[in-house]
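Peer 1: take a look and give me a structure for this.
(2 chains)
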Amino acid sequence: MKNIFQENTARLLAEAFRAAYPGQIEALIQTLPSNAADLESFIYSRLEVPKDRKLGDFAFPAFSAAASLKEKPVEIAQKVVAQLTPDRFTATGPYINATLAVPDMARMVLPMIHGQGAAFGSQTIGQDRKIVIDYSSPNIAKPFGVGHLRSTAIGHSLYRIFAKLGYCSIGINHLGDWGTQFGKMIVAYRKWGNDAELAKEPIKYLYDLYVRFHQQEELDSSLSDDARLWFKKLEDGDPEAVRLWKLFRDYSQAEFQRIYDILGIKFDYYTGESFYNDRIEVVMERLRRAGLVTESQGAQVVDLEPYGMPACLLKKADGATLYATRELAGIFYRYETFDFYRALYVVGSAQQEHFKQVFKVIELLGEPFADRLVHVEFGWIRFKDQAMSTRKGNIIFLEDVITTAEEKAAQIIRDKNPDLPNLDQTARMVALGAILFADLGVKKHKDVNFSWEEVLNFEGETGPYLQYTHARLSALMRRFGKPIDETVDFNLFTSPEEKELLLHLYRFGQTVETASDRYEPNYIAEYLLELAVVFNRFYQRKDAHGKLIKIISERKNETEARMLLVEAVRTVLNEGLRLLGIPAPEEM
RNA sequence: GGGCGUGUGGCCCAGCCAGGACAGGGCGUCUGGCUUCGAACCAGACGAUCGGGGGUUCGAAUCCCCCCACGCCCGCCA
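Peer 2: Here you go, the predicted structure:
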């Protein structure tokens, strides 16, 4: 999606270049990078926003044309500007600065947003193609820690982003409900557990058992052998093993569902690893037929040495399956079921090699969908500079974070807005806003150091700041109390603040697109911060005497024009927050 | 040892892929702004050898090379 303001500017500049340098444009085009087909698109791609906005709205640096035109950038700028309307284009040193007319912009942008509403920024480029997104995917029988939030928040946001662009998003929670850790849990439970204790506080109890097992395992390595033995029994359908596994799984699922309900997150499928148990042999057979399976130290592997990777382990020496085996089965299942255009795996970067291996195996099988598999990786959440580890018991429960944030939000509301109805509900929205934004406000590849101070901060570049701005906009709409009319006097839009808002509003669609291209919801988070900042500045601007210029005043025409802008900002902010999975309260 | 990632004011982060005008925000600190359109806000101040070195370029936080620090992964865990 192109920015129409930028496009118009590029077109005018291109015409001016042609007029100023007749006959030399061919030489210039020769030097263009291959991605720029013509002069217009070249200029379009080179346009930047001046650092000092007083200079203009767009700037074209003339350096890039200097070599082929054999002139100094400063002279080029002057010559080109001479061909253009003087009040809209100026040469500042080697830069050609363009200034847009605010009423024109308003006429273009505001009726569009008013008409499209929440659909503003939507596209159909997805053509309903299926994007399968694997996210959250916690290991059951373990508590839901803040570490799991990363995948959950990013994946859920990508789900909505792709849907907005016209793709058919399919959300899969690939629950970690199979594997040797269940052998461990079974051993631990049989040794130290009992049903009565389990029923009281299941997740906490299972978690304690898990930590205890790992502590004991360090002292007594026979426990590891027992665990493998019990996992093998589980795979072979041993009734006692299966009974305990189901017990753990059911308790865990109920627990996770509670968390997802709080977060307002749903999945289309909850197909965990165990779902693929009866599909493993088909995959193994396929791999064997392709001649990819070799034996190494008793285990069955795919040798990836020629590709600079460690071997991909398919089956242990005792015949039990492994992570990669189930992953492969999952990929085939997803392809056969959905015929996906892309399959995303929103999983931490620690598993980068695992996915490289698995994807390589698919490629070696000659499957046509090998290049549609994407590992959307992200950095770790650490606590006090340590990796959060369930095994070591160094973990913070997401629910504790939510509860603490809710308490703080409620306290602030009681203090600032004591008459607010449904306090608990709003406090929860604010808490979620703070927590989710703490994750989505940072580029995903960065490791995040969990800090209570940061998560509980509701000021500055935070989720509650965005929510507050949304509530403020909503308050204006309530106060205005009438339907917004799109037939306003656009010539009343003149201020730099209004221009900034219009420019920024228009960029929403491009931002969503960038976020999808890079699998990075953070672009939307940053966009919204900027939008809120620009609006709040507009909201609190003062006249020459230092008096606040109010949006709603007795001047009818001005008020109506500004309210059309207010509505547009609210629409985009609301929609942007939705894409991030952050609730947008009307009051707080 | 190999692979991947990160390193930007006291703290957190954007900018790097597609190199350009004095390196942008936020937190914290200091100053100013509510006789009510919501101060979870706004305005201003202080604060940076962009990890280090070399190279390419008219121009490097950004591209290339080397080095340093930290994190993660490297066969029967997931």
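
Peer 1: packing partners for the helix or strand A:Leu234 falls within?
Peer 2: Using DSSP states H and E, A:Leu234 maps to helix A:222-235. Packing contacts for helix A:222-235, counted by 3 or more C-beta pairs under 8 Å, 6 or more residues apart in numbering; DSSP states H and E, involve helix A:180-192, helix A:202-219, helix A:239-263. (Glycine included, C-beta is placed from N, CA and C.)

Peer 1: minimum distance to A:Phe355: which of those helices has it?
Peer 2: Each of the helices and strands packed on helix A:222-235 has some distance to A:Phe355 by C-beta to C-beta; the shortest is helix A:180-192, at 19.8 Å.

Peer 1: what angle do the closest one and helix A:239-263 make?
Peer 2: Relative orientation of helix A:180-192 and helix A:239-263, computed by axes from the mean of the first three to the mean of the last three C-alpha atoms, to 10 degrees: 110 degrees.

Peer 1: and after helix A:180-192, which helix or strand comes next?
Peer 2: Past helix A:180-192, the next helix or strand by DSSP H and E is helix A:195-200.

Peer 1: quick revisit: the helix holding A:Leu234 to helix A:202-219, inter-axis angle?
Peer 2: Using the same axes, to 10 degrees: helix A:222-235 against helix A:202-219 is 130 degrees.

Peer 1: tell me the SS of A:Gly366?
Peer 2: coil (DSSP: H, G, I helix; E, B strand; the rest coil).

Peer 1: relative to A:Pro310, how far out is the spatially closest residue to it that is not a sequence neighbour?
Peer 2: Nearest in space to A:Gly366, with sequence neighbours left out and distances taken as C-beta to C-beta, 6 or more residues apart in numbering, is A:Ala290 at 7.7 Å. From A:Ala290 over to A:Pro310 the distance is 19 Å, taken as C-beta to C-beta, to the nearest Å.

Peer 1: and if you look at A:Arg562?
Peer 2: When C-beta to C-beta is the yardstick, A:Arg562 and A:Pro310 sit 62 Å from each other.

Peer 1: how about A:Gly546?
Peer 2: Here the criterion is C-beta to C-beta. By it, A:Gly546 lies 68 Å from A:Pro310.

Peer 1: next one: A:Leu564
Peer 2: Distance, A:Leu564 to A:Pro310, by C-beta to C-beta: 60 Å.

Peer 1: who's more crowded, these two?
Peer 2: For A:Leu564 versus A:Pro310, neighbours defined as other C-beta atoms under 10 Å are more numerous around A:Leu564 (22 against 12).

Peer 1: near RNA strand B at all, the one helix or strand the more buried one maps to?
Peer 2: A:Leu564 is part of helix A:556-580 when elements are defined by DSSP H and E. No - figure legend: helix A:556-580 not in contact with RNA strand B (C-beta under 7 Å from any atom of the strand); closest approach 8.0 Å.

Peer 1: list the buried residues for that helix?
Peer 2: Of the residues in helix A:556-580, A:558-577, A:579-580 count as buried by neighbour count, 16 or more other C-beta atoms under 10 Å.

Peer 1: show the contacting residues for the closest residue to A:Pro94 other than its chain neighbours.
Peer 2: The shortest distance from A:Pro94 to any non-neighbouring residue, by C-beta to C-beta, 6+ apart, is to A:Pro73 (3.4 Å). Neighbouring residues of A:Pro73 by C-beta atoms under 8 Å, 6 or more residues apart in numbering: A:Pro61, A:Ala62, A:Phe63, A:Ala65, A:Ala66, A:Gly93, A:Pro94.

Peer 1: one more time with 10 Å
Peer 2: Counting by C-beta atoms under 10 Å, 6 or more residues apart in numbering, A:Pro73 touches A:Pro61, A:Ala62, A:Phe63, A:Ser64, A:Ala65, A:Ala66, A:Ala67, A:Ala91, A:Gly93, A:Pro94, A:Tyr95, A:Ile96.

Peer 1: likewise A:Ser296?
Peer 2: A:Val302, A:Asp303, A:Ala311, A:Leu313, A:Ala317.

Peer 1: for A:Thr180, see how far away it is.
Peer 2: In this view, A:Ser296 and A:Thr180 are 19 Å apart by C-beta to C-beta.

Peer 1: wondering if stretch A:89-98 reaches RNA strand B at all.
Peer 2: Yes - on the criterion C-beta under 7 Å from any atom of the strand, stretch A:89-98 is in touch with RNA strand B at A:Thr92, A:Gly93, A:Tyr95, A:Asn97.

Peer 1: kindly export that stretch (C-alpha atoms) in PDB.
Peer 2: Only the C-alpha atoms of stretch A:89-98 are listed here, as PDB (Å, rounded to 0.1, in the frame of the first residue of the first chain):
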ATOM      1  CA  PHE A  89       8.600  23.300  -2.600                       C
ATOM      2  CA  THR A  90      11.900  24.800  -1.300                       C
ATOM      3  CA  ALA A  91      15.500  24.000  -1.700                       C
ATOM      4  CA  THR A  92      17.400  23.800   1.600                       C
ATOM      5  CA  GLY A  93      21.000  23.000   0.700                       C
ATOM      6  CA  PRO A  94      21.100  19.600  -1.000                       C
ATOM      7  CA  TYR A  95      17.500  18.800   0.000                       C
ATOM      8  CA  ILE A  96      14.300  19.500  -1.800                       C
ATOM      9  CA  ASN A  97      11.600  20.000   0.800                       C
ATOM     10  CA  ALA A  98       7.900  19.600   0.000                       C
END
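
Peer 1: what about the residue lying closest to A:Ile186 once chain neighbours are set aside, how many residues close to it?
Peer 2: Excluding the flanking residues, the one nearest A:Ile186 by C-beta to C-beta, 6+ apart is A:Trp230, at 4.5 Å. A:Trp230 is flanked by 25 other residues according to other C-beta under 10 Å.

Peer 1: so who does A:Trp230 touch?
Peer 2: A:Trp230 neighbours (C-beta under 10 Å, 6+ apart): A:180, A:182-190, A:238, A:240-241, A:244-245.

Peer 1: likewise A:Ala410?
Peer 2: Per C-beta under 10 Å, 6+ apart, neighbours of A:Ala410: A:Leu423, A:Asp424, A:Thr426, A:Ala427, A:Arg428, A:Val430, A:Ala431.

Peer 1: how about the helices and strands packed on helix A:222-235 in CSV, adding mean neighbour count?
Peer 2: Listed next are the helices and strands packed on helix A:222-235 as CSV, based on neighbours: other C-beta atoms under 10 Å:
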stretch, mean neighbour count
helix A:180-192, 21
helix A:202-219, 17
helix A:239-263, 17
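
Peer 1: just say helix, strand or coil for A:Ile96.
Peer 2: strand.

Peer 1: give the bridge partners for it, please.
Peer 2: A:Phe60, A:Ala91 (DSSP bridges).

Peer 1: so it touches A:Glu48, yeah?
Peer 2: No - using C-beta atoms under 10 Å, A:Ile96 makes no contact with A:Glu48, being 11.1 Å away.

Peer 1: which one's more surrounded, the two?
Peer 2: A:Ile96 (29 against 11).

Peer 1: got a list of what the more buried one touches?
Peer 2: A:9, A:13, A:16-17, A:43, A:47, A:56, A:58-62, A:73, A:76-81, A:84, A:89-90.

Peer 1: and the residues you listed, which of them are buried?
Peer 2: A:9, A:13, A:16-17, A:43, A:47, A:56, A:58-62, A:73, A:76-81, A:84, A:89-90.

Peer 1: hang on, the earlier thing: so among the contacts of A:Pro73, where is pLDDT lowest?
Peer 2: Minimum pLDDT across those is recorded for A:Ala67, with 75.

Peer 1: so it, which of the three states?
Peer 2: Applying three-state DSSP: A:Ala67 is helix.

Peer 1: swap in A:Pro310?
Peer 2: coil.

Peer 1: which element is A:Ala317 on?
Peer 2: Judged by DSSP H and E, A:Ala317 forms part of no helix or strand.

Peer 1: any idea how far A:Arg279 is from it?
Peer 2: To A:Arg279, A:Ala317 is 22 Å away according to C-beta to C-beta.

Peer 1: so for those two, which sits in the more crowded spot?
Peer 2: Each of A:Ala317 and A:Arg279 has its neighbours counted (other C-beta under 10 Å); A:Arg279 has more, 17 against 12.

Peer 1: thank you, goodbye.
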